[in-house]
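> Let me see the structure of the following:
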Amino acid sequence: MSNKKIYFASDQHFGAPTPEASFPREQKFVAWLDEVKKDAEAIFLLGDLFDFWFEYKTVVPKGFVRVLGKLAEIRDSGIPIYFFVGNHDLWMNDYFEKELNIPVYHDNKEFTFNNKTFLIGHGDGKGPGDKGYKRMKKVFTNPLSKWIFRWLHPDIGVKLAQYLSVKNKLISGAEDVKYLGEDNEWLVQYSKRKLETKHYNYLVFGHRHLPMILEVGENAHYVNLGDWIGYFTYGVFDGEKLELKTYSN
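Got it, this is the predicted structure:
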């Protein structure tokens, strides 16, 4: 990797609670992208970049042009960017792939950097519990549900989805942002279970909105990236270890 770094960020939720309130956070994130592109080997975005995203056949949600433009600029410069859909942008299809040349993943994926193994994903619906959300996700990802929603006029569909995203924690998958202890942290339990069948140096997720790095096995760490709502945290891997940092610009 020489002196290059791998960067990770998650849960920006741009557009929430309103586009106007979200705009300063978008500007801050674009400034961060401008900074990390100087030494980035790759950039991983682990979902919920938007508080709501749905791709109609010829329409995508309005806004976010600075973020999308900066991602396009970085990708065009040759830096790989990887996107993992979250529970708020799970209806993403091929827009990022066609317009930005950014691959989109709908589940965990394994990577190896400098002989360190990574399991990377958004983290929603993983581990024990959260049964209400898991049931809701099955409804949302059902082809019939998507087909019905697509027939709504975008002005109606987007407004309805934004309302539900902000108001209904069950649908949004939002959780109280406080550490519950290893036995009650579903993604910690999920990580330990994954390590029973295969070793990873880092299991990196978003979704939880709570930045943390926990040792979950021998030379194995669970990493949650936090968010860009209250923490403005991100992960950086320098070839030897992964650390969480706070962007304070």
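> what residues are up against the closest residue to D107 other than its chain neighbours?
Among residues not flanking D107 along the chain, G121 sits closest, at 6.4 Å (CB to CB, 6 or more residues apart in numbering). Bear in mind the C-beta positions are built from the backbone N, C-alpha and C, glycine included. Taking CB atoms under 8 Å, 6 or more residues apart in numbering, we find G121 in contact with 46, 84, 105, 107-109, 204-205.
> And for N93?
The contact partners of N93, by CB under 8 Å, 6+ apart, come to 55, 104.
> go on, Q12?
Q12 touches 25-26, 29, 48-50, 227-229, counting by CB under 8 Å, 6+ apart.
> picking that back up, can you pick out the most distant pair from the contacts of G121?
With distances taken as CB to CB, the most widely separated pair in these is D107 and V204, at 13.9 Å.
> and the two? which has more neighbours close in?
Neighbour tally, D107 and V204, criterion other CB atoms under 10 Å: the higher count belongs to V204, 28 against 10.
> just how off-centre is the host helix or strand of the more buried one within its chain?
For V204, the host element (DSSP states H and E) is strand 202-205. Centre-to-centre, strand 202-205 and its host chain are 12 Å apart (CA atoms, centre = their mean, to the nearest Å).
> just checking, what packs against it?
Judged by 3 or more CB pairs under 8 Å, 6 or more residues apart in numbering; DSSP states H and E, strand 202-205 is in contact with strand 116-120, helix 186-195, strand 220-224.
> As TSV, those with mean neighbour count would be great.
TSV is the format used below for those (neighbours: other CB atoms under 10 Å):
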stretch	mean neighbour count
strand 116-120	19
helix 186-195	20
strand 220-224	23
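> So which residues make contact with the helix or strand that contains F29?
According to DSSP H and E, F29 maps onto helix 19-36. The contact list for helix 19-36 (CB under 8 Å, 6+ apart) reads 5, 7, 9, 12-16, 43, 51, 63-64, 66-67, 70-71, 74, 228-229, 232, 234, 236, 247, 249.
> Take the helices and strands packed on strand 202-205 and lay them out in a markdown table including mean pLDDT and distance to D39.
Shown next, in a markdown table, are those (pLDDT from 0 to 100; distance: least, CB to CB, whole Å):
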| stretch | mean pLDDT | distance to D39 |
| --- | --- | --- |
| strand 116-120 | 98 | 18 |
| helix 186-195 | 95 | 28 |
| strand 220-224 | 98 | 20 |
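> possible to save the ones you listed as TSV with distance to M212?
Listed next are the helices and strands packed on strand 202-205 as TSV, based on distance: least, CB to CB, whole Å:
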stretch	distance to M212
strand 116-120	16
helix 186-195	9
strand 220-224	5
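> chain center to the helix or strand following the strand holding V204: distance?
Downstream of strand 202-205, the next assigned helix or strand under DSSP H and E is strand 212-217. With CA atoms, centre = their mean as the basis, strand 212-217 stands 19 Å off its chain's centre.
> How about stretch 195-204?
Averaging C-alpha positions (CA atoms, centre = their mean) puts stretch 195-204 19 Å from its chain's average.
> For the closest residue to H106 other than its chain neighbours, list the residues it contacts.
Distances taken as CB to CB, 6+ apart place V85 nearest to H106, at 5.4 Å, with adjacent residues excluded. Residues near V85 by CB under 8 Å, 6+ apart: 47, 92, 104-106, 122.
> let's go with 7 Å and repeat that
47, 92, 104, 106, 122 (CB atoms under 7 Å, 6 or more residues apart in numbering).
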